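Student: The following block contains a protein sequence and its predicted model.
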Amino acid sequence: MTSLASTLAHRAARLHRPLLIVTAALLVIGVVGLGGLLLDDRELLGLPIWAKTVKFGFSFGLYAATLAWMIGLLTRARRWGWWLGSVVAAGLACDIVLMVVQMIIRGRRLHFNHADETDRMIHNLLATGTYAAFVATAIVALLLSFQRLPDVSQAAAVRAGLLVTLAGLGMGTLMFSPTPEQQAALDTGTRPGVVGSHGVGVPDDGAGLPILGWSTEGGDLRVAHFAGLHALQLLPLLAVALLLLSRRYAGLRSPYVRRDLVRVAASAQLALVALLTWQALRGQSVIHPDLWTLLTAGAIAGSAATGCVLALRRRRAATEPEPVTVTTSGNI
């Protein structure tokens, strides 16, 4: 019992504390936002004014908590990891504070807002925090790729999770590009009040899914952004689930089998991010896929299923003993 307590205390001490503090603050804001949904009937861009606060509070909270754990896995360049984690913590804290100030207090649009000087300042600060967190996370991913982690399936999950998450974060940068209409205004020297958009071919205040707000009428880049961002949690959780299942299923007892399955899942999720981005850029709603989108999704699912089967069979074949051939002599 003492040994277990000591191990847990040691692991807790390795967690990145600034990120944990930000995690707690974000989760509190998410809970407060839930109360706001019930008590505040204001709307912004067709959604409850607290909806984005709830989404980002819980989403950023999960992101920060997972990154705090991953930085704790560093055995080399730990000081670098601490500073990079602090940059991410500061960026996330900056973003959520600006969100509360701009949306809840000022009652104004948060993203892409260039309507007046204050709106532009908040937008620029928001973009700075986001890009700083993106770059810092990318460097953490690079550092972890050179670490020796105790379990190969965990190592694959951590590295692949960071890679797919970076892809999802990268998709977010597409939203900051001006739409054709906004670009035409900029070309004439006019400064539009909004530069950038979540939607493709549709306005941001059009019909959308409840709470999430993803467009039901056209393309929406937030879908791919969301699908990639949470690989940071999903792939490590998959590695843990496979480890627990290995106690019951012999085929999963090899860490290399679990590693290969995690890699298959990571490849499928990365392909899904690419598919959702392609779908959005064609101005197609996530809930109204066309034939090409469905065929591509089917190909991704089929490839993933095939990869899982091959991973299990390849390792089983490698561990099965070779048959013993008995030869007999003609002379007895």
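Tutor: All right, it came through fine.
Student: So which residues of the stretch 1-150 of the chain form helices?
Tutor: Per DSSP state H, counting those that start in this stretch, the stretch 1-150 of the chain carries helices over the ranges 2-14, 17-39, 51-72, 78-99, 117-144.
Student: Quick check: buried residues in the longest one?
Tutor: With burial defined by 16 or more other Cβ atoms under 10 Å, the residues of helix 117-144 counted as buried are 119, 122-123, 126-127, 129-130, 132-138, 140-141, 143-144. Any C-beta I mention is one placed from the backbone N, CA and C, and that applies to glycine too.
Student: circling back to that earlier point, what about the helices of the stretch 1-150 of the chain, which gets the closest to D204?
Tutor: With Cβ to Cβ, the closest approach to D204 among the helices of the stretch 1-150 of the chain belongs to helix 51-72: 11.7 Å.
Student: Counting by contacts, list what the closest one packs against.
Tutor: Using 3 or more Cβ pairs under 8 Å, 6 or more residues apart in numbering; DSSP states H and E, the elements in contact with helix 51-72 are helix 17-39, helix 78-99, helix 117-144, helix 152-173, helix 222-229, helix 231-245.
Student: mind giving me JSON lines with these and columns for distance to P203 and mean pLDDT?
Tutor: As requested, those are exported to JSON lines (distance: least, Cβ to Cβ, whole Å; pLDDT from 0 to 100):
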{"stretch": "helix 17-39", "distance to P203": "23", "mean pLDDT": "94"}
{"stretch": "helix 78-99", "distance to P203": "21", "mean pLDDT": "91"}
{"stretch": "helix 117-144", "distance to P203": "18", "mean pLDDT": "86"}
{"stretch": "helix 152-173", "distance to P203": "19", "mean pLDDT": "85"}
{"stretch": "helix 222-229", "distance to P203": "14", "mean pLDDT": "88"}
{"stretch": "helix 231-245", "distance to P203": "30", "mean pLDDT": "89"}
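Student: Now tabulate those in TSV and tack on distance to A280.
Tutor: Formatted as TSV, the helices and strands packed on helix 51-72 follow (distance: least, Cβ to Cβ, whole Å):
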stretch	distance to A280
helix 17-39	26
helix 78-99	22
helix 117-144	19
helix 152-173	9
helix 222-229	6
helix 231-245	18
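Student: Looking at the ones you listed, spot the one closest to P192.
Tutor: Closest of those to P192 is helix 117-144, at 11.7 Å (criterion: Cβ to Cβ).
Student: chain center to that closest one: distance?
Tutor: In terms of Cα atoms, centre = their mean, to the nearest Å, the centre of helix 117-144 is found 15 Å from the chain centre.
Student: Now do that helix against helix 231-245: the angle between them, please.
Tutor: Angle, helix 117-144 to helix 231-245, by axes from the mean of the first three to the mean of the last three Cα atoms, to 10 degrees: 40 degrees.
Student: which strands and helices sit next to helix 117-144?
Tutor: Packed against helix 117-144 by the contact rule (3+ Cβ pairs under 8 Å, 6+ apart) you find helix 51-72, helix 78-99, helix 152-173.
Student: and the second one, what does it pack onto?
Tutor: So the one you mean is helix 78-99. Applying 3+ Cβ pairs under 8 Å, 6+ apart, one finds that helix 78-99 contacts helix 17-39, helix 51-72, helix 117-144.
Student: Pull the residues that contact that helix.
Tutor: In this structure, residues lying in contact with helix 78-99 by Cβ atoms under 8 Å, 6 or more residues apart in numbering are 16, 18-19, 21-22, 25-26, 29, 52-53, 56-57, 60, 63-64, 67-68, 71, 74, 110, 122, 125-126, 128-130, 132-133, 135-137, 139-140, 143.
Student: Let me see the domain layout of this structure.
Tutor: The record's domain parsing of the chain by automatic domain parsing lists 11-148, 158-177+193-317.
Student: Export those as JSON lines, with columns for distance to A184.
Tutor: Shown next, in JSON lines, are these (distance: least, Cβ to Cβ, whole Å):
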{"stretch": "domain 11-148", "distance to A184": "16"}
{"stretch": "domain 158-177+193-317", "distance to A184": "12"}
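Student: what comes up buried for stretch 54-74?
Tutor: Buried-residue list, stretch 54-74, by 16+ other Cβ under 10 Å: 54-74.
Student: Same question for stretch 41-53.
Tutor: If you call a residue buried by 16+ other Cβ under 10 Å, then stretch 41-53 has these buried ones: L44, L45, L47, P48, I49, W50, A51, K52, T53.
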